[in-house]
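Trainee: Got a predicted structure plus its sequence, pasted below:
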Amino acid sequence: MAAPKRKNKFIKTKPKTGLAPGSPVFTGDRKMDQIELNLICYCPDGANEYQNLALSRCFELLLINSHNHICWLNVDGLHDTDLIQSICNHLQVHRLSMEDILNVGQRPKMDEHGEYIHFVLNMLTMNAGELGVSEEQISLLQKGKVVLSFQEKAGDVFDGVRNRIREGRGTIRQRGGDYLVYSLLDAVVDHYFVVMERLGERFEEIESALMEKPDKHLLSQIHLLRRESLGLRRAVYPLREAVGRFEKLEEPMVNKSSQMYIRDLYDHIIQVIDGIEVFREMANGMLDLYMNSMSQRMNEIMKVLTIIATIFIPLTFVAGIYGMNFTYMPELEYPYAYFLVLGIMGIAVLGMLWFFKRKGWM
Amino acid sequence: MAAPKRKNKFIKTKPKTGLAPGSPVFTGDRKMDQIELNLICYCPDGANEYQNLALSRCFELLLINSHNHICWLNVDGLHDTDLIQSICNHLQVHRLSMEDILNVGQRPKMDEHGEYIHFVLNMLTMNAGELGVSEEQISLLQKGKVVLSFQEKAGDVFDGVRNRIREGRGTIRQRGGDYLVYSLLDAVVDHYFVVMERLGERFEEIESALMEKPDKHLLSQIHLLRRESLGLRRAVYPLREAVGRFEKLEEPMVNKSSQMYIRDLYDHIIQVIDGIEVFREMANGMLDLYMNSMSQRMNEIMKVLTIIATIFIPLTFVAGIYGMNFTYMPELEYPYAYFLVLGIMGIAVLGMLWFFKRKGWM
Amino acid sequence: MAAPKRKNKFIKTKPKTGLAPGSPVFTGDRKMDQIELNLICYCPDGANEYQNLALSRCFELLLINSHNHICWLNVDGLHDTDLIQSICNHLQVHRLSMEDILNVGQRPKMDEHGEYIHFVLNMLTMNAGELGVSEEQISLLQKGKVVLSFQEKAGDVFDGVRNRIREGRGTIRQRGGDYLVYSLLDAVVDHYFVVMERLGERFEEIESALMEKPDKHLLSQIHLLRRESLGLRRAVYPLREAVGRFEKLEEPMVNKSSQMYIRDLYDHIIQVIDGIEVFREMANGMLDLYMNSMSQRMNEIMKVLTIIATIFIPLTFVAGIYGMNFTYMPELEYPYAYFLVLGIMGIAVLGMLWFFKRKGWM
Amino acid sequence: MAAPKRKNKFIKTKPKTGLAPGSPVFTGDRKMDQIELNLICYCPDGANEYQNLALSRCFELLLINSHNHICWLNVDGLHDTDLIQSICNHLQVHRLSMEDILNVGQRPKMDEHGEYIHFVLNMLTMNAGELGVSEEQISLLQKGKVVLSFQEKAGDVFDGVRNRIREGRGTIRQRGGDYLVYSLLDAVVDHYFVVMERLGERFEEIESALMEKPDKHLLSQIHLLRRESLGLRRAVYPLREAVGRFEKLEEPMVNKSSQMYIRDLYDHIIQVIDGIEVFREMANGMLDLYMNSMSQRMNEIMKVLTIIATIFIPLTFVAGIYGMNFTYMPELEYPYAYFLVLGIMGIAVLGMLWFFKRKGWM
Amino acid sequence: MAAPKRKNKFIKTKPKTGLAPGSPVFTGDRKMDQIELNLICYCPDGANEYQNLALSRCFELLLINSHNHICWLNVDGLHDTDLIQSICNHLQVHRLSMEDILNVGQRPKMDEHGEYIHFVLNMLTMNAGELGVSEEQISLLQKGKVVLSFQEKAGDVFDGVRNRIREGRGTIRQRGGDYLVYSLLDAVVDHYFVVMERLGERFEEIESALMEKPDKHLLSQIHLLRRESLGLRRAVYPLREAVGRFEKLEEPMVNKSSQMYIRDLYDHIIQVIDGIEVFREMANGMLDLYMNSMSQRMNEIMKVLTIIATIFIPLTFVAGIYGMNFTYMPELEYPYAYFLVLGIMGIAVLGMLWFFKRKGWM
């Protein structure tokens, strides 16, 4: 598997120009060898997990379980277009939804297509090391008791949800598919907080470094942090609208008892947005601070230069005068002229120092 | 009790990633040894106060009083999750509300949960000394005649309300639980004015200092003030929306006669917001002023340098010429050449001074 | 009477923390010795004026006249809380309105309280001399045929209205209390135009001074003008909303024939707001201009310095070379070496001048 | 006739403070000797024009024609308040409308007064020469088949409309008074495009001049252009709202077949607004460019200074050393010391040049 | 055919001042020799293409096919006003629509005219080479089964749609005229992505160049990119509104099954708008970075100058002192005075270096 090429991070594209709308083409980088299908079926009484299923076995299990169990089918990997297409066709998913699943780099959104709802959103995770935030597009489809989640690669933020299902903690097993979708969304949004906290820490670090000693490396760090918080913003702002519309869905799509939870999720998203706005304010404040520190330092440097030059240039001129070789320069002959000149120079220096003091330059 | 660690002040987090929604976990710092329960029960005829109640006694008193008294139970301290949970369960508070009470660092909001309403807001108090503004999250729950208030630690801004209840001043004892909630909100918002006034004074001080003599310490002070007014903004903006929704509640949640008061409270919040906007304008204006003063001073410094250099560098060159040791330099022999050269130099200086005058540099 | 202390002008406060809502406390400075009550009663047939009334006489006159006359009671001075309270109680004014009347520093607003409407607004007048704009809070209350106006001190902008009533000019005597309220509002807004015009003149003066010769005093003048237009903005923006709601009131509060006038008033307020926005644009434009002029001048200064230094420093070095005292410096002996060196220096100067010309520095 | 004094261009005033609302006072400058009344009456079959009518004759013609002709009465000049008042009274125009007609410097707006509609708008024309844009307030009144237009002086942008009426081109003679009003509005808005195009050309000129060689004259030109586009903005933004409301009028005020044309006009206004926004962006972009070019040039100047100073100041010092007159300076005696020193200096120069190269300063 | 003159790119004009509204005048540049008419008629069973039709033959074919085929007539070239007029009249297109077709430089919009809908939009294509983005106005008219597309010149982005019709791929042949309009809009919007991607690449290039080494050429490149993204913005923002209204049309204008596709198109437009906003943020961020880098470099340059000057100017002064020719200067006679002076100078240099180190200048 080739090294994934650096993706143009901010301008997401839809490069399938010329194809019919709804054509299923995967637009991302292949990030894993083989697509993995994992199914969890649960009811209040218990939960069964099936890992690495073959497609046919998967359909079979869905058929058996989906009338009295909530079935969550998680698909890791999107490069096998045919397989994705079979799953979508099996569940009568509209071709436009199919396109959105495969076309990574979408804007987060929520679509209602008659019997099912479809969420597209971005999962953000902090990279290990200092490499910033990485994005992965996730699609969530709920059709009655069946919930599908599509991810670009294995590894996600849903382990908390899985454990709650396995161990029957919370009320998740008592509730429907809409609550599962909510739980998955909530897990993703919880991770935005983690990302935001890390970015916040770095902002604070840079800020205190800036207050102590402005340095040019800080500048590009601020720039990079700003870019990264742009990424967070692009993930969160559209999600607010999507979750807002999710909350307003009515029975039977969304259970009345779930709405309060979705409202809570919505509040969390607003909180992330508030945090992003604070980042923006902070970054601007820091840039102002930096700019001003720079001109501060410039002033300081210039003051030193000016003081030195203003003191010594005139004195050097005087010394130059008496270094001239004119035949007739009467002062040169006076016995104490030399000391007199030195004395006058000393007085001039004192006078200038007094002048600088008064100007507040020293 | 350990010294409270410095909290990341601007980016509030929800660090319970992975837990089920509604899990009651306290996310703040333990700020007192033991949770204190204080109950005030009042009716138009009088008021009884019970301090430092045990939980069981507290429930008992609520049971006795809550049908013909307004009962205000104030809880100081949130670290004992079980105790908080018992109170909430006793009053059939939803688990999401319970989570919000414990999860400090929330965005201010107002939730309606069927029979009760729940306010989350931030109490701001000026620290003694110069240490800025400190925040404390407060939850207010009203369910019929019972009002709960949860605080992170003892000490609050509600003494005015308590006194009015004790002494029967105003109309508070004639009114219902909604009016008590309003009174508590009003006390918190009144304190925003105090905070705003102090910030305003410091802004004005910095501004007049800036007009007199721009100094680099002012810059970081402006930056800090801006950050603090950010904190005020984060407390007030969401509260506006919350109080706006509170005002729109109908009977029996909110009494018709209370609505006018809530509208008044809303106006006060708008007034705080106006003040914050003025701060922002002022801070920007001051930064502009500072920046411009800096370049002003730079110009002044450069002018001095340029004048000195422009006068003396050419003269020094002339002196250098006649300090050369060429065998044949006819001018050197002329008897009055020295004085002639000095005279020419003097004229050149006058000419340059005239030039600088004309340029407006002196 | 003591000199009024300088008021914190931008951050208006509500310093009565801890009191019950609706407590009548005057928060301003006492600006006159004694409260004055003046009453004008008019009907289409004529108008009677009563000045400096005692309170009891005033109530008596209101009782007699208020069924077939429009009665306008103007109260100058707010420091006598009891007197204000008696008037309000006599007319059954809500305690929150009473608080708003006394609590100067309010945000302009319009409240409907059942039978009466209550306007709070700021009257702006230009100070004599150069001392800027002064504000005074005015409350207007209309209850049927009775109109109350409360001012902080004697002296107002209502003389035009009084004269029209006295002389029966216009249609004011034919119309109701709502039209009187409109007329008073209109008089206040007309004065905003006067203030705006003066500010505008000063903006234009500063701008043309800036175009001619940027000066550092202009900078703080721009800053001060900006602050003053902030004050205008704070008076006008909330008033727009208040008048907008006034226009939308229905009979019997506002007569149908008055609505067109109120709409006209609303248009005038919008016009003031437009003007304020223009001020803001102008101030920003001027700051840009100033900043750029500063760097312009800096460049000019630096150019002079650089030209002088670049020409003379190398020449001085050459002169220095031939001022060295080495025993063996063959050039020194050549008969025309001196003139040769001078010639070379001259050529070097010409070359540099050509270089500066080409760079566009001269 | 006296030379018109320079008008405060941006802050329009309403200086009639103290008069009753609706008082007819002309607030502009008298721009022509005598008011001219021109009447055009037309029906699908033909058109009659009457120029320089006396007032009585004018009323007579209106009486005869207005039941089966569209009558367009154009009034040039507003200084004769009595005449304007007679016309308005004859047509039962409300006194507030009359005030708006006379009170030039109004914000563009559209008022519905029962039977008639009233437009106030600004006609912009480019001055001959370089003197910028000039404004003239125009009022359009339509009452059934009678359309009045009031202008401050003779000369307008309506000749195209007149010609279409005279020659029966287009559908104007087949349509009603609302279409005539539309046509006049359209003619004014068409001229905004002309103004915008000219401003746009000047923006482009300045921009390309700026890309080639930033010059300080460009700065004040940008500033002036910005101001002029402010004037365009003030004319167009309120007009959008006015025309939007015009479009929404129903029969019999506005014919159904005219609405499509008004919608088209509305689109044109939006297009002008778009253009103004582009101007604003361009002006800001150009200011950034200018600022940056300035610091660019400063850097360049400083580099030259620094290079020269850094090379020659140390060398001059060395020359100074060997120009000292100490009795015992052994180096001076060495036969080739002079050339050695020169050589070392040469090497030092080369070293510094290499250093500057590496720093990217040359 | 003459070389097309450079068009004023940002300020689009409507230069037909004085004509009747709805006058068909072509306002663009003639871009091809002869207008070309191409017709595609298709039904689910097949598709027929007719190229370079004569007008009469074209009408004939429309007559035959339009009851059971979707007929797409594409018109390349707009300079032949009569021909365009005949087509429009044949299909009973309103004269205002005709004007919009011919009047290139329109703002994108969607008009409903009774039986037909009319889209005006801009097709953007990247020029070969580095010459930026070129715009072409396109009009789409749908009236039942007939769809007209008008372009300024041959060559478009619709080949994908043509191929899908020819080969029967996708569902296009099964659907109605509204779906064809959608497909054409979608093809145009797809090309916006291409343009955006290219602009994005150039932004990223410039940004990384800026992070490595700020250069003054980058500045004007940022400026140009900003201008080009302005063009994209002007094409896309109004289109959003137009497509939003298209989506809301009801049967029979737009088929219910097409609405989901139009919603998808709408999402794509929002995605382009998001990208444009990111461009704006990036450009601003880059300008900040550039500005700061500039002052950074200035500081660096000034530091070098100051260090050199501060070290050598005082030393040169000392050397100047001992170069004076006073008769009586006792130090000159001391045997090791020279070395002493050199030593003191050396120590001074070390002291200054230590000072600069401490200041952080080295």
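Mentor: Okay, I see it.
Trainee: any idea whether residue A:119 is helix, strand or coil?
Mentor: Assigned by DSSP: H, G, I helix; E, B strand; the rest coil, the conformation of residue A:119 is strand.
Trainee: bridging residues for it?
Mentor: Counting by DSSP bridges, residue A:119 forms beta bridges with residue A:110, residue A:140.
Trainee: Near it, how many other residues are there?
Mentor: Using other C-beta atoms under 10 Å in any protein chain shown, residue A:119 has 23 other residues around it. Every residue, glycine included, has its C-beta placed from N, CA and C.
Trainee: neighbours around the residue of chain A found nearest chain C, how many?
Mentor: Nearest residue of chain A to chain C, counting by C-beta to the nearest C-beta: residue A:323, 6.9 Å away. Neighbours of residue A:323 under the rule other C-beta under 10 Å: 27.
Trainee: any idea how far it is from residue D:320?
Mentor: To residue D:320, residue A:323 is 9 Å away according to C-beta to C-beta, to the nearest Å.
Trainee: Which residues are in contact with each of these two?
Mentor: Contact criterion C-beta atoms under 8 Å, 6 or more residues apart in numbering or on different chains; residues shared by residue A:323 and residue D:320: E:320, E:323.
Trainee: Now for the nearest residue to residue A:191 once chain neighbours are set aside: which residues touch it?
Mentor: Spatial nearest neighbour of residue A:191, chain neighbours left out: residue A:157 (4.7 Å); criterion: C-beta to C-beta, 6 or more residues apart in numbering or on different chains. By C-beta under 8 Å, 6+ apart, the contact list for residue A:157 reads A:123, A:125, A:187-188, A:190-191.
Trainee: Show me the shaky parts of the stretch 51-200 of chain A.
Mentor: Scanning the stretch 51-200 of chain A for pLDDT under 70 picks out the ranges A:128-131.
Trainee: so where do the strands sit in it?
Mentor: According to DSSP state E, counting those that start in this stretch, the stretch 51-200 of chain A carries its strands in the segments A:70-76, A:109-113, A:116-126, A:133-143, A:146-151.
Trainee: OK, now which residue of the stretch 251-362 of chain A is nearest to chain B?
Mentor: Closest point on the stretch 251-362 of chain A to chain B, by C-beta to the nearest C-beta, is residue A:320, at 3.2 Å.
Trainee: Secondary structure element for residue A:273, which one?
Mentor: Following DSSP states H and E, one finds residue A:273 within helix A:256-322.
Trainee: quick one, domains of chain A?
Mentor: Structural domains assigned to chain A are A:36-291, A:295-359, following automatic domain parsing.
Trainee: out of those domains, which comes closest to residue E:25?
Mentor: Closest of the domains of chain A to residue E:25 is domain A:36-291, at 40.8 Å (criterion: C-beta to C-beta).
Trainee: Look at that closest one and report the distance between its end residues.
Mentor: This stretch, domain A:36-291, spans 52 Å end to end (C-alpha to C-alpha, to the nearest Å).
Trainee: Ok, stretch A:318-329 next?
Mentor: With C-alpha to C-alpha as the measure, the ends of stretch A:318-329 fall 14 Å from one another.
Trainee: roughly how far out does that stretch sit from the chain middle?
Mentor: 71 Å (C-alpha atoms, centre = their mean, to the nearest Å).
Trainee: Mean confidence (pLDDT) on that stretch, please.
Mentor: The average pLDDT for stretch A:318-329 rounds to 90.
Trainee: Residues in contact with it: which ones?
Mentor: Contacts of stretch A:318-329 with the rest of the structure, by C-beta under 8 Å, 6+ apart, involve A:331-332, A:341, A:344-345, B:315-316, B:319-320, B:322-325, B:329, B:331-333, B:335-338, B:341-342, C:323, D:323, E:317, E:320-321, E:323-326.
Trainee: can you rerun that using 7 Å?
Mentor: Under the criterion C-beta atoms under 7 Å, 6 or more residues apart in numbering or on different chains, residues A:332, A:341, A:345, B:316, B:319-320, B:322-323, B:325, B:332-333, B:335, B:337-338, C:323, D:323, E:317, E:320-321, E:323-326 lie in contact with stretch A:318-329.
Trainee: now swap in stretch A:255-273 and tell me
Mentor: Identification of contacts with stretch A:255-273 by C-beta under 7 Å, 6+ apart yields A:175-176, A:178-179, A:182, A:185-186, A:189, A:192-193, A:196, A:236-237, A:239-240, A:243-244, A:246-247, B:14, B:21, B:96, B:107, B:109.
Trainee: Please, which helix or strand holds the residue nearest to residue A:311 when sequence neighbours are not counted?
Mentor: Of all residues not flanking residue A:311 in the chain, residue A:352 sits nearest, at 5.4 Å (C-beta to C-beta, 6+ apart). Secondary structure from DSSP H and E places residue A:352 in helix A:337-359.
Trainee: how near is the residue nearest to residue A:198 when sequence neighbours are not counted to residue A:201?
Mentor: Of all residues not flanking residue A:198 in the chain, residue A:126 sits nearest, at 5.5 Å (C-beta to C-beta, 6+ apart). For residue A:126, the distance to residue A:201 (C-beta to C-beta) stands at 11 Å.
Trainee: In terms of neighbours, single out the busier of those two.
Mentor: For residue A:126 and residue A:201, the more surrounded residue by other C-beta under 10 Å is residue A:126, and the numbers stand at 16 against 12.
Trainee: I'd assumed residue A:193 was in contact with that one.
Mentor: No - judged on C-beta atoms under 7 Å, residue A:126 makes no contact with residue A:193 at a distance of 11.5 Å.
Trainee: got the residues of the stretch 51-200 of chain A near chain E?
Mentor: Contacts of the stretch 51-200 of chain A with chain E, taken as C-beta under 7 Å from any C-beta of the partner chain, map to A:96, A:107, A:109.
Trainee: Is it possible to get CSV of these that adds distance to chain B?
Mentor: Formatted as CSV, those follow (distance: C-beta to the nearest C-beta, whole Å):
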residue, distance to chain B
A:96, 31
A:107, 25
A:109, 23
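Trainee: now these as TSV including neighbour count and distance to residue A:37?
Mentor: Compiled in TSV, these are given as follows (neighbours: other C-beta atoms under 10 Å in any protein chain shown; distance: C-beta to C-beta, whole Å):
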residue	neighbour count	distance to residue A:37
A:96	18	23
A:107	22	27
A:109	20	25
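Trainee: from those, which is closest to residue E:228?
Mentor: Distances from residue E:228 to these, taken by C-beta to C-beta, are shortest for residue A:107, at 22.4 Å.
Trainee: Over to the closest residue in space to residue A:338 that isn't next to it in sequence: give its phi and psi.
Mentor: Of all residues not flanking residue A:338 in the chain, residue E:326 sits nearest, at 4.1 Å (C-beta to C-beta, 6+ apart). Backbone dihedrals for residue E:326, given as degrees, to the nearest 10, come out at phi -60, psi 140.
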